[in-house]
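Engineer: Predicted model, plus sequence, below.
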Amino acid sequence: MQGLLPVYPVPYTYPLVDSIKAVLNRVRHYYESTSDQKIVDLKTGKVITNFSKPNKNATVSEGFAGEWSYTSGVVLSALDYIDDVIDDPRFFANNTRFFDLVVNLVLFYKELQNLR
């Protein structure tokens, strides 16, 4: 029976642009919801905004969007690509927030090293 097309219980149809955008936005919303990307005091839970004074209890708020990992890098790369393709700056805004967090962490740790 070669050459026969398979029969699926749910017929396959090509996705529409709006349905693709809806899925991409759902993924973006999920990613954004996993972390507020802040540096917080682990003991008090308060957001640290003054990086000139090191705080030994400083940590990045929990969640996937605040991780510095390969997987997070892949997501950020995808968000950049999606912004280019569908011209929606909300996707690249995640990258800007993440890199702002990284810059603040580098400055913070530099000050911490100066105290040691």
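Structural biologist: Okay, I see it. In this text, all values refer to a predicted model and were calculated from it rather than measured experimentally. Residues are numbered from 1 along each chain as shown.
Engineer: hmm, which helix or strand of the protein has the shakiest average pLDDT?
Structural biologist: Least confident helix or strand of the chain, by mean pLDDT, DSSP states H and E, is helix 89-115 with a mean of 77.
Engineer: what's the distance between residue 67 and residue 60?
Structural biologist: To residue 60, residue 67 is 8 Å away according to CB to CB, to the nearest Å. Any C-beta I mention is one placed from the backbone N, CA and C, and that applies to glycine too.
Engineer: Need the overlap of contacts for these two.
Structural biologist: With contacts defined as CB atoms under 8 Å, 6 or more residues apart in numbering, the residues adjacent to both residue 67 and residue 60 are residue 35.
Engineer: Any stretches of the protein with poor pLDDT?
Structural biologist: 1-3, 107-116 (pLDDT under 70).
Engineer: how about the strands in it?
Structural biologist: With DSSP state E as the criterion, the chain has strands at 39-41, 58-60.
Engineer: Which among the ones you listed is found nearest to residue 9?
Structural biologist: Closest to residue 9 of those, according to CB to CB: strand 58-60, at 45.4 Å.
Engineer: Return the list of helices and strands in contact with the closest one.
Structural biologist: strand 39-41, helix 89-115 (3 or more CB pairs under 8 Å, 6 or more residues apart in numbering; DSSP states H and E).
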